[in-house]
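Visitor: Next comes the sequence, and after it the predicted model I'd like to discuss.
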Amino acid sequence: MAEPNYASTSERVQSWLDGRTLQIRFDNPARHNALSVDMWEAVPPLLAAARDDDRVRLVVFSGAGGKAFVSGADISQFEDMRAAREAVSRYESMAETTLQGIAEFPKPTLACIRGWCIGGGVNVAIACDLRIAATDAVFSVPAARLGLGYRYSAMKNLVDLVGPGAAKDLFFTARRVGAEEAKALGLVNRIAPPEELDALLGEYQQAMADNAPLTIMAAKAITREILKPSPDQDTALCASLIRGCFESADYAEGRTAFMQKRKPVFTGR
């Protein structure tokens with residue numbers, strides 16, 4: 001099977017394989033990486049290619065230019081794409097497909113955030129498993145200032161992440177939150193000065209490259225089941241995933257490496 005080359009369908013989305021990491025970078029700095037239609041559409045094919053690529057252990061989303069992760073929707077397309085009822089439906093469906101694709105991607109995903117992370121940028125970030133941010137990051141969900149409706153899935157992601165009280169605070173006030181408060185709320189996992197953010201990202205890239213991918217993917221899938229209402233939880237799937245870890249070559253390698261006092265080499269099999 002030919003290996004994917006990860007060529008992006010949009011010139012405003014950069015994508016490349018960085019060791020065991022697929023890097024996806026939103027590149028619309030003139031608009032602080034606001035998401036245009038083509039940028040939304042570029043993500044699903046990249047994730048589809050990475051899903052079955054054994055080289056990929058982690059997908060990282062970031063923003064070009066150092067001033068923003070994503071500042072929301074590209075309002076230059078707002079009238080054309082969102083003003084009419086049919087256009088709203090099409091735009092929301094497209095964004096929903098991309099965000100659900102990120103949330104349901106079986107491998108770990110991480111948002112690496114600098115500067116503005118507003119509206120749709122927050123949605124992308126909270127669809128990821130992990131979020132790290134520079135201390136210059138600023139977060140806001142300004143829907144209440146715009147009068148637009150907010151999707152159930154995006155609201156659920158926010159509530160699941162920070163709890164209903166903090167989610168209502170952020171949503172009702174539309175206020176801006178700095179990196180320190182975002183970390184205290186649980187909106188981001190870790191923060192670092194801008195000049196140290198790449199090193200912090202490197203820690204995660206190395207950890208995902210070194211650690212057992214089947215174990216990590218099982219933990220991600222089981223966490224998703226835990227967050228479902230009890231009647232909808234697939235406990236048989238959880239048991240199967242756990243059994244698969246114990247029956248894997250990686251588990252044998254982990255035990256052997258521990259006994260031999262060496263670093264394990266996991267293959268995801």
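Guide: Right, received. Where do you want to start?
Visitor: Tell me which stretches of this protein form strands.
Guide: Assigned by DSSP state E, the strands in the chain fall at 13-18, 21-26, 58-63, 68-70, 109-113, 116-118, 130-134, 138-140, 177-178, 190-192.
Visitor: and the shortest one, which strands flank it?
Guide: Using DSSP bridges, strand 177-178 pairs in its sheet with strand 138-140 (antiparallel).
Visitor: Let me have the strands of the chain in TSV, extended by distance to residue 91 and mean pLDDT.
Guide: C-beta: built from backbone N, CA, C; applies to glycine. Listed next are the strands of the chain as TSV, based on distance: least, Cβ to Cβ, whole Å; pLDDT from 0 to 100:
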stretch	distance to residue 91	mean pLDDT
strand 13-18	17	96
strand 21-26	17	98
strand 58-63	20	98
strand 68-70	15	97
strand 109-113	22	98
strand 116-118	17	97
strand 130-134	25	98
strand 138-140	20	97
strand 177-178	26	98
strand 190-192	32	98
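Visitor: any chance of those in CSV, plus mean neighbour count and distance to residue 101?
Guide: Listed next are the strands of the chain as CSV, based on neighbours: other Cβ atoms under 10 Å; distance: least, Cβ to Cβ, whole Å:
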stretch, mean neighbour count, distance to residue 101
strand 13-18, 18, 14
strand 21-26, 23, 12
strand 58-63, 24, 11
strand 68-70, 28, 16
strand 109-113, 26, 10
strand 116-118, 27, 19
strand 130-134, 24, 17
strand 138-140, 22, 22
strand 177-178, 19, 26
strand 190-192, 17, 25
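Visitor: Out of those, the one nearest residue 216 is which?
Guide: For the strands of the chain, proximity to residue 216 was assessed by Cβ to Cβ; strand 58-63 is nearest, at 9.2 Å.
Visitor: Direction included, what does that closest one pair up with?
Guide: Looking at strand 58-63 with DSSP bridges, its paired strands and their directions are strand 21-26 (parallel), strand 109-113 (parallel).
Visitor: what about the ones you listed, which gets the closest to residue 11?
Guide: Judged by Cβ to Cβ, the one of the strands paired with strand 58-63 that comes nearest to residue 11 is strand 21-26, at 11.7 Å.
Visitor: and the direction of the closest one versus that of strand 13-18, what angle?
Guide: 160 degrees (axes from the mean of the first three to the mean of the last three Cα atoms, to 10 degrees).
Visitor: and strand 21-26, C-alpha only, in PDB?
Guide: Presented in PDB, the C-alpha positions along strand 21-26 are these (Å, rounded to 0.1, in the frame of the first residue of the first chain):
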ATOM      1  CA  THR A  21       3.200  13.300  14.300                       C
ATOM      2  CA  LEU A  22       0.900  14.600  11.600                       C
ATOM      3  CA  GLN A  23       1.000  18.400  11.800                       C
ATOM      4  CA  ILE A  24      -2.000  20.300  10.600                       C
ATOM      5  CA  ARG A  25      -1.500  24.100  10.600                       C
ATOM      6  CA  PHE A  26      -4.200  26.600   9.800                       C
END
